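> here are the coordinates; sequence isn't available:
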């Protein structure tokens, strides 16, 4: 005996009004998802190209290293760019030099609670906007592949913490002058602003907030963790802003280093 057919759900559900139009909204509801898609696509295209070209990612004179290539652990890296040695041999051109951390950073962003909302609505149209019919007739939640992998966000957060430490180290050793001592230029400001905002985005993560104080039953018994939880909670209210801002600072940082490394512009130096 065959199982009974499932009743239609969502916009095709029996209790939904029979409205032939996808929506009765007359405003430009499609603009936010369109802009979100364009913004995400711009970053993906730029980051993909820069991760594979293997040129102009290291300024040996000032020790500027673009975050898209950090850490550079292969013999394929240009001399000086490998801050942690080269335990990996030569890599074929189809493997990015930053291949060790790029999957974890991509996983951290893809499973991020804000980005999930962003691409669920703008790319999967689930739903694209309020009072707009979505094209899906079924909803299984994040209980099946591939969406069940969203539950690994906490572990990607741990990896992102390590990468943030590496980026911090890169920003510190970039205070390098022509003579080999201390130096300070515009590139240092670019790197420093980028790493500060990356830390702010990482620590504003919902998983970070839960790890610090989400399981506590009595805040009064844990005053230090409560204080940290309060600070992270305030940062968490800016999570969406930081998610977009850090995409921008990553592009700006990489682009600036690319211009300096290629000789297109000279780094503005304040102290050498």
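Looks like it arrived, so ask away. What you see is a predicted model; the values in this text were computed from it and never measured.

> quick one: contacts of the helix or strand that contains residue 45?
Counting by DSSP states H and E, the element that carries residue 45 is helix 31-53. If you take C-beta atoms under 8 Å, 6 or more residues apart in numbering as the criterion, helix 31-53 is touched by 57, 66, 68-69, 93-94, 96-98, 102, 118-119, 121-123, 125, 128-129, 244, 247, 250-251, 254, 258. Quick note: C-beta positions are derived from backbone N, CA and C, even for glycine.

> repeat for stretch 108-123
In contact with stretch 108-123 (C-beta under 8 Å, 6+ apart) are residues 32-34, 36-37, 40, 126-129, 149-150, 152-153, 156-157, 159-160, 202, 205-206, 239-240, 243.

> Swap in 6 Å and give it another go.
33, 36-37, 126, 128, 150, 153, 156, 160, 206, 239-240, 243 (C-beta atoms under 6 Å, 6 or more residues apart in numbering).

> got the angle for the helix or strand hosting residue 114 vs helix 31-53?
Counting by DSSP H and E, the element that carries residue 114 is helix 113-122. Calculated by axes from the mean of the first three to the mean of the last three C-alpha atoms, to 10 degrees, helix 113-122 forms an angle of 110 degrees with helix 31-53.

> buried sites along helix 113-122?
When burial is assessed from 16 or more other C-beta atoms under 10 Å, helix 113-122 yields the following buried residues: 113, 114, 115, 116, 118, 119, 121, 122.

> Now that we have the residues you listed, can you turn them into JSON lines and tack on pLDDT and distance to residue 217?
Below are those laid out as JSON lines (pLDDT from 0 to 100; distance: C-beta to C-beta, whole Å):
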{"residue": "113", "pLDDT": "91", "distance to residue 217": "23"}
{"residue": "114", "pLDDT": "93", "distance to residue 217": "28"}
{"residue": "115", "pLDDT": "94", "distance to residue 217": "31"}
{"residue": "116", "pLDDT": "93", "distance to residue 217": "28"}
{"residue": "118", "pLDDT": "93", "distance to residue 217": "33"}
{"residue": "119", "pLDDT": "93", "distance to residue 217": "35"}
{"residue": "121", "pLDDT": "90", "distance to residue 217": "35"}
{"residue": "122", "pLDDT": "93", "distance to residue 217": "38"}
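
> the helices in the stretch 101-250 of the chain, which residues?
Along the stretch 101-250 of the chain, counting by DSSP state H, counting those that start in this stretch, helices occupy 102-110, 113-122, 153-173, 186-203, 206-209, 223-236, 239-261.

> of all the ones you listed, which lies closest to residue 144?
helix 113-122 (15.0 Å; C-beta to C-beta).

> Determine how far that closest one lies from the middle of the whole chain.
Distance, stretch centre to chain centre, for helix 113-122: 13 Å (C-alpha atoms, centre = their mean, to the nearest Å).

> ok, residue 81 - contacts?
58, 65, 72.

> How about the secondary structure of it?
On the three-state scheme (DSSP: H, G, I helix; E, B strand; the rest coil), residue 81 is labelled coil.

> quick one: it from residue 41, how far?
Per C-beta to C-beta, to the nearest Å, residue 81 is found 29 Å from residue 41.

> ok, now how distant is the spatially most central residue of the chain from residue 219?
Nearest to the geometric centre of the chain sits residue 109, at 4.1 Å (C-alpha atoms, centre = their mean). To residue 219, residue 109 is 31 Å away according to C-beta to C-beta.

> do the same with residue 141
Distance from residue 141 to residue 219, by C-beta to C-beta: 31 Å.

> ok, residue 205 touching residue 157?
Yes - using C-beta atoms under 6 Å, residue 205 is in contact with residue 157, at 5.5 Å.

> okay, these two: which has more neighbours?
residue 205 (27 against 22; other C-beta atoms under 10 Å).

> do you know how far that one is from residue 148?
Taking C-beta to C-beta, one finds residue 205 at 19 Å from residue 148.

> Which residue is the nearest non-sequential neighbour of residue 88?
residue 74 (4.5 Å; C-beta to C-beta, 6 or more residues apart in numbering).
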